[in-house]
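Peer 1: sequence unavailable; structure follows:
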């Protein structure tokens with residue numbers, strides 16, 4: 001314990017005795033350090049982290065925007081100003097309501113048992129720190145809101161009545177204070193700030209605040225008299241960017257792994273020196289450096305390949321400098337992803353973009369594409385640095401790639417330590433210097449598994465949900481925005497998203513454009529209105545008008561000035577598709593029963609061939625699989641030749657199947673040769689899980705009737721890799737579209753609805769809009785004619801999409817009635833989705849693209865510090881519309897009472913408590929994610945017999961006490977504890 005004498009205390013400024021945090025993990029005391037850290041030390045640590053991030057992480061475009069807002073255009077002035085402001089985010093900890101909590105936190109009992117708390121009180125009292133007097137009702141004011149209330153006055157604003165002065169008003173100071181008040185995730189509203197102002201009376205605390213601010217400003221090098229006129233943040237992206245930067249710097253500076261506690265009595269200049277040194281090491285350890293790629297040729301980036309003409313044309317159309325929006329519309333397998341990577345490499349070199357984030361439609365697509373991104377990162381950097389690659393989705397810790405990358409990061413640090421003498425290794429471990437080597441590695445620091453931080457990583461890949469959440473007020477959304485604001489953001493499969501998601505993506509593009517990021521959009525079948533909306537959003541973000549230069553081609557490039565160029569069309573005017581593929585035969589076939597369809601599938605591929613069947617619903621996929629398996633086993637098929645894939649399989653059972661399918665049906669190698677692991681025959685029955693971004697190749701494809709853009713996407717998995725050998729009967733690609741006829745030979749597309757006198761119908765109409773199903777069928781049927789077949793190639797994609805989604809033309813008879821009735825409902829649904837978008841999104845320049853959004857518009861209502869899904873009052877942030885689900889851990893309870901991960905009882909479940917940063921905890925969380933089930937909320941009701949989660953029994957195991965858990969009977973799969981009424985089997989998945 002370290003206690004200063006009275007003589008020493010007389011030389012300690014009062015503000016230095018403000019408690020910042022306690023040594024709950026005993027990291028400081030374990031090395032002989034103090035039990036608590038002064039607030040001033042954290043101020044300096046955060047400022048130092050901000051400076052390092054400015055120098056090494058922020059892009060030139062981001063620094064330019066911050067310089068305009070905080071330095072009158074001068075970057076060094078802005079850098080120091082932002083460092084000081086970020087450091088002052090916790091100023092409100094100088095208040096009675098915060099200091100009264102010293103020693104009352106979790107794991108603070110050691111402080112209460114010793115004399116540390118008493119000693120601090122004696123020191124603070126002797127130094128003249130104000131007491132905890134506060135007006136009645138303000139005892140629970142949060143420290144970040146106190147910062148928001150008092151900082152403008154301390155920094156020089158003299159307005160009345162908010163600052164209680166009679167001098168000049170500086171609105172920029174109030175804006176910054178409000179943003180700092182949101183560093184715990186939610187920007188407060190003015191009512192909350194006003195109430196917090198009484199929690200730290202100015203007559204007592206103002207001298208302390210001014211002393212702290214003055215000392216910090218002198219150390220950082222900020223002339224305080226000039227500061228008020230410099231702080232003028234107005235650009236909307238700067239508001240979010242600044243707040244995100246403060247949050248990131250605060251989180252890094254709060255790490256006991258990188259920053260040591262400071263002792264009272266030590267000169268503050270020494271504190272500042274230590275802060276700068278430790279911040280430099282922390283940023284190195286977390287690999288938070290910008291991407292600095294070396295020049296690379298196409299074969300160097302993608303060995304064994306040469307660029308196709310449309311890829312060469314697209315790269316040539318990019319601006320020489322400045323960010324760009326690039327929309328690539330071409331067939332599946334044409335090389336869109338490689339082109340996107342090459343564009344990102346180009347933009348990193350010309351614009352200084354900080355990194356690359358790839359947004360995928362599903363977790364499965366993310367997991368597969370992550371391997372390709374890892375290869376690209378290695379080739380694009382050439383070993384110049386150690387690169388961090390984050391996988392960002394809720395089940396990331398369940399993937400083998402994530403654990404391999406984490407293990408690589410751990411091994412890298414251990415190897416670095418082993419190469420040093422023992423005494424130096426210990427010091428290097430404590431300071432983070434062991435991570436300063438530069439091997440040719442791609443790693444993942446476990447720190448990036450925390451909420452939002454995966455987006456901060458230089459390289460990342462995740463579900464599109466991360467981008468959709470950018471324009472919505474949800475907890476720490478500013479940090480999410482900072483992570484993407486300096487990157488090239490690649491949005492894959494853009495056609496596959498809901499209207500709600502597309503609306504949010506448009507707003508996200510506007511925010512990213514305002515920040516100076518670049519966006520690359522990939523799609524095989526993007527409707528023209530969606531492309532045009534993206535271009536408008538981009539131009540609005542740049543305050544520019546779109547200027548179309550004409551031309552045609554599958555690649556649209558828009559620069560920051562709004563100039564639109566198109567490129568990539570070949571001599572015949574054809575959008576690029578897979579080589580050696582002229583067209584695909586489309587067959588319209590009335591849907592037979594499960595037995596008839598299964599018989600047809602098994603007969604066609606009896607002597608060889610790879611067939612895919614995509615069903616729109618899990619129930620129909622399970623039914624067909626069950627029938628095909630039973631028939632197949634009686635006709636010489638092996639059980640493992642008939643695969644079922646859908647989203648209601650837990651990860652432990654689904655991921656091995658996905659891996660097997662990708663390994664067997666994927667490209668096989670980068671050399672262009674056939675896949676040696678491709679089986680003689682295979683029948684894959686799946687839901688939409690295989691249609692989005694899985695690089696697999698089928699000989700024959702069946703699909704339920706779906707919207708035309710998805711049908712085009714699905715047939716892109718046919719004959720995808722031309723080098724694979726195929727049976728003669730599958731030599732030509734053929735897609736069979738299965739549809740359910742009514743008595744008039746029209747498709748049944750509307751779901752059953754007894755209330756409207758429709759007891760029978762097509763449940764697929766609850767998955768996709770009935771109108772898009774009917775219009776898609778009509779577009780296909782019109783071409784197929786009486787033969788029920790026609791050849792489809794890439795030239796007709798655009799026409800088909802316009803025919804379904806564009807203005808409709810009247811049709812006679814029953815067909816016209818069906819289209820008219822369902823189109824009316826479809827437009828009503830579109831209106832509802834647009835209303836949902838409008839209610840939740842925040843655009844940087846308002847709904848009309850004119851008025852800049854202010855910090856007050858970004859306030860999250862009264863949810864401050866609440867859950868991540870809490871946004872504006874009464875409105876939760878959503879990444880997609882649809883039926884929400886309840887996630888629970890599913891374990892098998894064996895006859896002897898043991899809990900296991902598997903039905904056979906071989907994998908004993910780990911239910912012990914492990915420290916958060918331990919390898920055992922990481923392994924346990926991976927297993928738990930692999931055994932997680934998502935139960936649709938609509939299943940949980942008295943009518944369905946599944947009890948609500950609040951009634952599920954609590955399992956008294958250390959790791960399960962606060963976790964929703966379902967116990968399954970290993971023989972039947974029925975739930976015996978928890979959500980009674982559900983059944984789960986590894987063969988068919990979740991059912992009720």
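Peer 2: Nice, thanks for sending it over. Just so you know, these numbers come straight off a predicted model, no measurement behind them.
Peer 1: helix/strand/coil for residue 37?
Peer 2: Secondary structure, DSSP: H, G, I helix; E, B strand; the rest coil: residue 37 is strand.
Peer 1: and the pLDDT at the nearest residue to it once chain neighbours are set aside?
Peer 2: Sequence neighbours aside, residue 261 is the residue nearest to residue 37 in space, at 4.2 Å (criterion: CB to CB, 6 or more residues apart in numbering). The C-beta positions use only the backbone N, C-alpha and C, and glycine is treated the same way. You'll see residue 261 listed with a pLDDT of 94.
Peer 1: which SSE is immediately downstream of the top helix by length along the chain?
Peer 2: Counting by DSSP state H, the longest helix found in the chain is helix 813-840. Following helix 813-840 in sequence order, the next helix or strand is strand 885-893 (DSSP states H and E).
Peer 1: pLDDT below threshold where in the protein?
Peer 2: 1-10, 103-114, 132-137, 382-384, 412-440, 570-582, 669-672, 692-694, 861-876 (pLDDT under 70).
Peer 1: go ahead and confirm residue 853 touches residue 859.
Peer 2: No - using CB atoms under 8 Å, residue 853 makes no contact with residue 859, being 11.0 Å away.
Peer 1: quick one: which of the two has more around it?
Peer 2: Each of residue 853 and residue 859 has its neighbours counted (other CB atoms under 10 Å); residue 859 has more, 24 against 19.
Peer 1: need the nearest residue in space to the more buried one, chain neighbours excluded.
Peer 2: Using CB to CB, 6+ apart, the closest residue to residue 859 is residue 189 (4.3 Å).
Peer 1: and that neighbour, backbone torsions?
Peer 2: phi -90, psi 170 (degrees, to the nearest 10).
Peer 1: for residue 151, same thing?
Peer 2: For residue 151, the backbone dihedrals are phi -60, psi -40 (criterion: degrees, to the nearest 10).
Peer 1: near it, how many other residues are there?
Peer 2: Neighbours of residue 151 (other CB under 10 Å): 25.
Peer 1: just residue 826 next, same as before
Peer 2: 17.
Peer 1: please name the residues that touch it.
Peer 2: Contacts for residue 826 (CB atoms under 8 Å, 6 or more residues apart in numbering) come out as 769-772.
Peer 1: dump these into TSV; add secondary structure, distance to residue 797 and neighbour count as well.
Peer 2: Listed next are the contacts of residue 826 as TSV, based on DSSP: H, G, I helix; E, B strand; the rest coil; distance: CB to CB, whole Å; neighbours: other CB atoms under 10 Å:
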residue	secondary structure	distance to residue 797	neighbour count
769	coil	20	20
770	helix	23	25
771	helix	20	26
772	helix	16	22
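Peer 1: how close does the residue nearest to residue 859 sit to residue 235?
Peer 2: Relative to residue 235, residue 189 is positioned 22 Å away (CB to CB, to the nearest Å).
Peer 1: where exactly do the helices run in the stretch 451-600 of the chain?
Peer 2: 465-468, 477-485, 499-515, 528-541, 594-604 (DSSP state H, counting those that start in this stretch).
Peer 1: so which of those is the most packed in?
Peer 2: With neighbours taken as mean count of other CB atoms under 10 Å, the helices of the stretch 451-600 of the chain reach their highest mean count in helix 477-485, at a mean of 27.
Peer 1: show me what that helix is packed up against.
Peer 2: helix 236-253, helix 465-468, helix 499-515 (3 or more CB pairs under 8 Å, 6 or more residues apart in numbering; DSSP states H and E).
Peer 1: rerun that using 10 Å as the cut-off
Peer 2: In terms of contacts (3 or more CB pairs under 10 Å, 6 or more residues apart in numbering; DSSP states H and E), helix 477-485 is packed against helix 60-70, helix 236-253, strand 355-360, strand 386-392, helix 465-468, helix 499-515.
Peer 1: closest one to residue 477 among those?
Peer 2: helix 236-253 (7.6 Å; CB to CB).
Peer 1: buried set for the closest one?
Peer 2: 236-253 (16 or more other CB atoms under 10 Å).
Peer 1: same check on stretch 150-159?
Peer 2: 150-157, 159.
Peer 1: closest to residue 205 among those?
Peer 2: Among the buried residues of stretch 150-159, and counting by CB to CB, the member closest to residue 205 is residue 150, at 7.4 Å.
Peer 1: isn't that closest one right next to residue 93, touching?
Peer 2: No - taking contacts as CB atoms under 10 Å, residue 150 lies outside contact range of residue 93: 11.8 Å.
Peer 1: what's the overlap in contacts for those two?
Peer 2: Listed as contacting both residue 150 and residue 93 by CB atoms under 10 Å, 6 or more residues apart in numbering are residue 200.
Peer 1: where exactly do the helices run in the stretch 651-800 of the chain?
Peer 2: Under DSSP H, counting those that start in this stretch, the stretch 651-800 of the chain gives helices at 651-665, 708-715, 770-784, 797-805.
Peer 1: would you confirm that residue 205 contacts residue 128?
Peer 2: No - between residue 205 and residue 128 no contact is recorded; they are 11.6 Å apart, counting by CB under 10 Å.
Peer 1: which residues do the two both contact?
Peer 2: Common neighbours of residue 205 and residue 128 (CB under 10 Å, 6+ apart) are residue 15.
Peer 1: between these two, which one's more packed in?
Peer 2: residue 205 (23 against 14).
Peer 1: show me what contacts that one?
Peer 2: Contact analysis of residue 205 by CB under 10 Å, 6+ apart lists 15, 18, 91-92, 94-96, 129-130, 146, 150, 154, 199.
Peer 1: any chance of CSV for those residues, columns distance to residue 984 and secondary structure?
Peer 2: Below are these laid out as CSV (distance: CB to CB, whole Å; DSSP: H, G, I helix; E, B strand; the rest coil):
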residue, distance to residue 984, secondary structure
15, 59, helix
18, 54, coil
91, 52, helix
92, 49, helix
94, 54, coil
95, 52, coil
96, 54, helix
129, 59, coil
130, 60, coil
146, 50, helix
150, 55, helix
154, 59, helix
199, 51, helix
